[in-house]
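# here is a sequence together with a model predicted from it:
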Amino acid sequence: MAKKKLVKPTPVKPIVQKADKKDNSIWDFSNIKWEKEAFYTDCEIDDGKVKSSGLEWQHLAAIFDDHTSHISKFNDTAKYIAERIRTFKSVHSVRYRIKSASSLIRKIIRKNHDDSKGININNYKLLITDLVGVRALHLYKDEWININVPILSEWDIFEKPTAYYRKGDDEEWIKTFTDNGCYAKEHKRKYRSVHYIVKTSASKETILSEIQVRTIFEEGWSEIDHRINYPVEAPDTIKFFLGIFNRFAGSADEMGSFIKHLAADLKHIEAEKLKIEVERDESVSRMEDLIKQLDHGSDERKKLEQEIENLKSRQKQYDTYSGGLTGALKSTLLSNLGNTYSEALKTTYGDVLLSRSMITCNSCGSAYLADPNSLIISGANLCPSCSLTNSITIATNSK
């Protein structure tokens, strides 16, 4: 008798039911211990919102209880991910949270109503991907790449990472996201962050977690925006000032990167100065030895004269560096700073506000947005670029 050929069983796919009233009857809600009014109060919902979700309130209560029963497992997953991320290069700090059951119910109602997601008790853990949320913060904009690489290699990615940017952000900067495996998407709330959905499985059940990576400045703005402008949008007046705040956060990121590169350039200059000083001292020492030989009747006068010329040349190089930033470097740095500052102000305040407080710089003649208090304190009328130039000149001359 021929042996029966073994057939590998086809994996069973999770049941996904369309979230409508007729399908709700297939679930057994007899174990629900909630009173309707108590459930509504706890979740801050009402009959109208529940109806808009396409689910019965008992179904939502069952999801509430199911999610609550998994909190401990979710918490262990969040701790594990956070501890791993803390070891990654450029990570400043890490925080995590587990979505509360009441917040989950409100999100399901919104998703079913606004996006027709059809979320129910069978599929909510796959369709709500931020039940476990981990946030990694870094100091400088370009440091996200140092966190991106280990995240992609450490975990299985559920879907392609999304890098959110604000309209008007630099095209070259946006390209760094797509070049590093992310989908770049403009965020309507002017939100900047890179989001990853990763899969972990300490047991048979796979858990999805969302990792968000952003700068510290972006974190400050987004936290305030989230509290005031979500889930219900704030009035237009508040949103206007949140927009200004958003641009300040973006400008702070640019300034942080500028200072980082400036510090690196200055460190290089200091190293060059030290090198020239050492060469000068060595030249002086050799010259002194030659002088001693000349005093004792040496006939190497030409060699001495040449050595003196070499010393003068090296001294000129030293004077160039010791006088502060070189002209070319200083011009480049201040130009970049001035452009960054100017563009930030234009996008932050708009033409109307700019026209009310534009002042002409006494040094270069350019128009800039001045702080009246700073004019009173300093007694000067200089744009940011000229003001920085003046400060550098004073600092180097005082050495």
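That came through fine. Numbers count the residues shown, from 1 in each chain.

# from here on, contacts and neighbour counts on C-alpha atoms
Will do.

# what stretches of the stretch 1-150 of the chain score poorly on pLDDT?
1-28 (pLDDT under 70).

# got the residue ranges for the strands in it?
93-98, 132-138 (DSSP state E, counting those that start in this stretch).

# how close does the closest residue to residue 131 other than its chain neighbours sit to residue 79?
Spatial nearest neighbour of residue 131, excluding adjacent residues (C-alpha to C-alpha, 6 or more residues apart in numbering): residue 99 at 5.0 Å. Distance of residue 99 to residue 79, given as C-alpha to C-alpha, to the nearest Å: 14 Å.

# what about residue 144, how many residues nearby?
22 (other C-alpha atoms under 10 Å).

# can you tell me how far it sits from residue 89?
10 Å.

# equivalent analysis for residue 114, please.
For residue 114, the distance to residue 89 - C-alpha to C-alpha - is 39 Å.

# same deal with residue 232?
Shown here: residue 232 relative to residue 89, a distance of 37 Å by C-alpha to C-alpha.

# between these two, tell me which one has more neighbours.
residue 89 (15 against 9).

# so the more buried one makes contact with residue 146?
Yes: between residue 89 and residue 146 there is a contact under C-alpha atoms under 8 Å: 5.9 Å.

# tell me which stretches of the stretch 201-350 of the chain form strands.
Per DSSP E, counting those that start in this stretch, the stretch 201-350 of the chain carries strands over the ranges 207-215.

# so where's it uncertain?
284, 287-288, 290-309, 311-350.

# can we see that at 80?
202-203, 230-232, 273, 276-277, 279-350 (pLDDT under 80).

# how is the protein divided into domains?
Following automatic domain parsing, one gets these domains for the chain: 22-233, 240-322.

# and those as TSV, adding distance to residue 363?
As requested, the domains of the chain are exported to TSV (distance: least, C-alpha to C-alpha, whole Å):
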stretch	distance to residue 363
domain 22-233	30
domain 240-322	23
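
# quick one: which of those domains is nearest residue 364?
domain 240-322 (22.0 Å; C-alpha to C-alpha).

# what's the longest helix in this protein?
When the chain is parsed with DSSP state H, its longest helix is helix 236-295.

# quick one: list the elements packing against it.
The contact analysis (3 or more C-alpha pairs under 8 Å, 6 or more residues apart in numbering; DSSP states H and E) places helix 236-295 against helix 216-229, helix 301-322, helix 327-357.

# just want the angle from the shortest one to strand 132-138.
In other words, helix 216-229. Interaxial angle, helix 216-229 versus strand 132-138 (axes from the mean of the first three to the mean of the last three C-alpha atoms, to 10 degrees): 140 degrees.

# and the angle from helix 216-229 to helix 236-295?
Using the same axes, to 10 degrees, helix 216-229 lies at 170 degrees relative to helix 236-295.

# quick one: contacts of helix 216-229?
For helix 216-229, contacts defined as C-alpha atoms under 8 Å, 6 or more residues apart in numbering pick out 137-139, 191-193, 234, 239, 242, 245-246, 249-250, 252-253.

# kindly report the same for stretch 199-207.
74, 77, 125, 155-158, 208-209.

# which of those count as buried?
Among the contacts of stretch 199-207, the ones that count as buried by 16 or more other C-alpha atoms under 10 Å are 74, 77, 125, 157-158, 208-209.

# which single one of the residues you listed is nearest to residue 275?
residue 157 (49.2 Å).

# just checking, that closest one touches residue 195?
No: between residue 157 and residue 195 no contact is recorded; they are 10.9 Å apart, counting by C-alpha under 8 Å.

# which SSE is residue 158 in?
strand 156-165 (DSSP states H and E).

# model confidence over that strand, on average?
Mean pLDDT, computed over strand 156-165, is 94.

# may I see the buried residues of it?
Buried residues in strand 156-165, defined by neighbour count with 16+ other C-alpha under 10 Å: 157-158, 161-165.

# equivalent analysis for stretch 222-240, please.
Counting neighbours by 16+ other C-alpha under 10 Å, one finds that the buried residues in stretch 222-240 are 222, 225, 228-229, 239.
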